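Peer 1: Coordinates for the following, if possible.
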Amino acid sequence: MFHRIGQAAYKNSLDNTLKLDEIFEFPHRQYKTIHVAGTNGKGSVSHMLAAVFQTAGYKTGLYTSPHLKDFRERIKINGQTISEQEVVEWVEEYPIKNNLWNIEPSFFELTAAMAFDYFAKQKVDIAIIEVGLGGRLDSTNIITPEVSIITNISLDHVDLLGDTLEKIAGEKAGIMKKDIPVVIGLTQNETKQVFVDTARIKQTSLCFADQEYTTSYSMLGLDGTQMMNIEKNGTIEFPEIKLDLLGIYQAQNVPVVLKALEIMIKKGWKIKRKHIYDGLKDAAKITGLMGRWQIIGNNPLTVCDTGHNEDGIKMVVGQIKNTAYKTLHFVFGVVADKNPDAVLRLLPTDAIYYFTRADIPRALDEKELTKKAAKFGLNGNSYNSVLEAFNTAKFNAGKDDLIFIGGSTFVVAEIL
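Peer 2: Numbers count the residues shown, from 1 in each chain. Predicted coordinates for the structure are as follows:
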C-alpha cells in the first residue's frame, strides 16, 4: 500500500493495470468518465463534479483516494459506498480470475480494477475518476475520458514524480489524450509551457480555467456555507454560489469545476444552472467528502484539514489567520518520507503545538518532529498517539480557542 508504506509500493508501469483490465473484460469502456489529476484540489473537484452530475439525475460513480475512515470511501455510486459484501465477493473471486495470469498487483492496481468493474456492473452513466499519484503511470490512466482535468502543480512526492514543478507537470500531463479536451486549473509560469507542448504533441485542445473563470468575492455565510461570486471574462456569471465546503482554497477549485461542466454541457450532457447551484451547495453532504476544513466541534472551535504539502498548508494557515480565536492549539504530525522543513516554516509561531505521529510505518517520530519544529520557533510537547495529543489539546483549550488538527491525511483520519 503506497499510502501506508511509501515508495516501496509504487509501480512504474501500467502492465499490471492493463492485464487486470483484460481479466475483467475492459469494464471502463462501458461508461463515460472524467479524469481528475493535480497536486492539490483534485479530491474536492472530483466530489463537486460528482455532486452536480448526481443532482442532474445521472447515476454517478466516484473513485478517489486515500480513504479516511473506511476503505469503501474510495468507491461510491450516488454518494453511497460500495457494500462490504461487494468488496468481499470481488476479493474472493479475484484469485480465480487471476489464475491464468499469475501477476502480483499492487493495492492501487487492485483497487482501481475493483472500482472500474463495480461501476460497470452497476451500469453507471458516468464515473469521476481521481488520479491516485502523478498521472502518466497511475492505475487510472487507461480510461479515455470526456474531459481531462489537472487542477494545479506543487511540490509533492518529489522522490517519485520529480523535484521540480516542470518534472511533476510532465507526469501529470501524462493523462492527456488525443482529441480529449484538457482543463488546467491554475496558470503557473513554471508549468504552463509543459502543458501547452504536451497538448500540441497529443493533438488536443487545452484551456486554463483561471483565465476564464475567477472568484471575485467569497465569504462564510451565517447558514454554515461558503458563498462566492464567480466571474467569467470579467462579468459575474454565477452570483452567490453556495458551497458546503468551507476551505477558502475552494475559491480556486470552483472555477475548474465550472469550466469542466461547460465543456460537458457542450458535449450534450443535460446539466442546468439549478443542478450546478444545488449540487455545489450540498457537495459534501451528497458525496460524503470529509477532511476539507471540516468543523468537528464548537466551544472550542475544532477543525481538521488534510492539506499536507507546502501549498496546502499555506492555504490552511491563511484561513487560520482569518479565524477568530483566543489561543491556537495545533495537533500536528507528518510522514517521514517528506522533508517537513518547507511546511514547518509556514506554521504560526504563536500556537501551542501537540506534536504526534499517526499509527502507520511512514509517520515521522513525534520526538524528532518536535526537535525539527523548535528550529522554526514552534513550541509544544510530543505525544506518541494522535488521540493522546487531541485529548490533551481538548483538556487545555478554553471555549474561545481554536483546535486545529492536520499536517498529514493520516492524522486527520485517526481523529475522524
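
Peer 1: The stretch 51-200 of the chain: helices as residue ranges?
Peer 2: Taking DSSP state H, counting those that start in this stretch as the test, the helices found in the stretch 51-200 of the chain are 84-98, 107-121, 158-161, 165-172, 192-202.

Peer 1: so what's the closest residue in space to residue 362 that isn't next to it in sequence up against?
Peer 2: With C-beta to C-beta, 6 or more residues apart in numbering as the criterion, residue 362 has its nearest non-adjacent residue at 4.4 Å, and that residue is residue 335. From N, CA and C alone the C-beta is placed, and that goes for glycine too. With contact taken as C-beta atoms under 8 Å, 6 or more residues apart in numbering, residue 335 is in contact with 6, 308, 358, 360, 362, 363, 364, 408, 410.

Peer 1: between those residues, which is closest to residue 340?
Peer 2: Relative to residue 340, the closest of the contacts of residue 335 is residue 364; by C-beta to C-beta it sits at 6.7 Å.

Peer 1: What about that closest one, how many residues nearby?
Peer 2: Residues within reach of residue 364, counting by other C-beta atoms under 10 Å, total 21.

Peer 1: Let me see the ranges of the strands in the stretch 301-416 of the chain.
Peer 2: 301-304, 328-332, 352-355, 380-382, 402-406 (DSSP state E, counting those that start in this stretch).

Peer 1: will you turn those into TSV that also has distance to residue 27, mean neighbour count and mean pLDDT?
Peer 2: TSV is the format used below for the strands of the stretch 301-416 of the chain (distance: least, C-beta to C-beta, whole Å; neighbours: other C-beta atoms under 10 Å; pLDDT from 0 to 100):
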stretch	distance to residue 27	mean neighbour count	mean pLDDT
strand 301-304	35	21	97
strand 328-332	41	25	98
strand 352-355	45	24	98
strand 380-382	47	18	97
strand 402-406	36	25	98
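
Peer 1: of all those strands, which lies closest to residue 37?
Peer 2: Across those, closest to residue 37 is strand 402-406 (C-beta to C-beta), at 23.0 Å.

Peer 1: can you state the direction angle for the closest one and strand 328-332?
Peer 2: Relative orientation of strand 402-406 versus strand 328-332 (axes from the mean of the first three to the mean of the last three C-alpha atoms, to 10 degrees): 20 degrees.

Peer 1: looking at the helices of the stretch 51-200 of the chain, which is closest to residue 24?
Peer 2: That would be helix 107-121 among those, by C-beta to C-beta, at 4.7 Å.

Peer 1: Kindly calculate the angle that the closest one makes with helix 84-98.
Peer 2: 110 degrees.

Peer 1: which secondary structure elements does helix 107-121 contact?
Peer 2: Helix 107-121 sits against helix 15-23, strand 60-63, strand 75-77, helix 84-98, strand 126-130, with contacts defined as 3 or more C-beta pairs under 8 Å, 6 or more residues apart in numbering; DSSP states H and E.

Peer 1: quick one on the thing from earlier: how about the strands of the stretch 301-416 of the chain in TSV, adding distance to residue 178?
Peer 2: Listed next are the strands of the stretch 301-416 of the chain as TSV, based on distance: least, C-beta to C-beta, whole Å:
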stretch	distance to residue 178
strand 301-304	41
strand 328-332	45
strand 352-355	49
strand 380-382	52
strand 402-406	40
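
Peer 1: Relative to residue 190, which of those is closest?
Peer 2: strand 402-406 (26.1 Å).

Peer 1: mind listing what that closest one pairs with, with the direction of each?
Peer 2: strand 301-304 (parallel), strand 328-332 (parallel) (DSSP bridges).

Peer 1: which residues touch that strand?
Peer 2: So strand 402-406 is in contact with 297, 300-308, 313, 316, 320, 323, 325, 327-332, 390, 393-394, 397, 411-412, 415, going by C-beta under 8 Å, 6+ apart.

Peer 1: Only alpha carbons, please: show that strand as PDB.
Peer 2: Extracted C-alpha coordinates of strand 402-406, given in PDB (Å, rounded to 0.1, in the frame of the first residue of the first chain):
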ATOM      1  CA  LEU A 402      -9.300  27.100  18.200                       C
ATOM      2  CA  ILE A 403      -8.000  23.500  17.900                       C
ATOM      3  CA  PHE A 404      -6.700  22.600  14.500                       C
ATOM      4  CA  ILE A 405      -5.700  19.100  13.500                       C
ATOM      5  CA  GLY A 406      -3.600  18.500  10.400                       C
END
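
Peer 1: just how off-centre is stretch 98-114 within its chain?
Peer 2: Counting by C-alpha atoms, centre = their mean, to the nearest Å, stretch 98-114 is centred 24 Å from the centre of its parent chain.

Peer 1: Could you list the buried residues of it?
Peer 2: The neighbour-count check on stretch 98-114 (16 or more other C-beta atoms under 10 Å) flags 98, 105, 106, 107, 108, 109, 110, 111, 112, 113, 114 as buried.

Peer 1: Same question for stretch 80-99.
Peer 2: For stretch 80-99, the neighbour count (16+ other C-beta under 10 Å) marks 81, 82, 86, 87, 90, 94, 98 as buried.

Peer 1: same check, this time on stretch 187-202
Peer 2: 188, 191, 192, 194, 195, 198, 199, 202.

Peer 1: JSON lines for those residues, including pLDDT and distance to residue 24?
Peer 2: Compiled in JSON lines, those are given as follows (pLDDT from 0 to 100; distance: C-beta to C-beta, whole Å):
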{"residue": "188", "pLDDT": "90", "distance to residue 24": "38"}
{"residue": "191", "pLDDT": "90", "distance to residue 24": "35"}
{"residue": "192", "pLDDT": "91", "distance to residue 24": "38"}
{"residue": "194", "pLDDT": "93", "distance to residue 24": "34"}
{"residue": "195", "pLDDT": "94", "distance to residue 24": "32"}
{"residue": "198", "pLDDT": "94", "distance to residue 24": "30"}
{"residue": "199", "pLDDT": "95", "distance to residue 24": "31"}
{"residue": "202", "pLDDT": "94", "distance to residue 24": "27"}
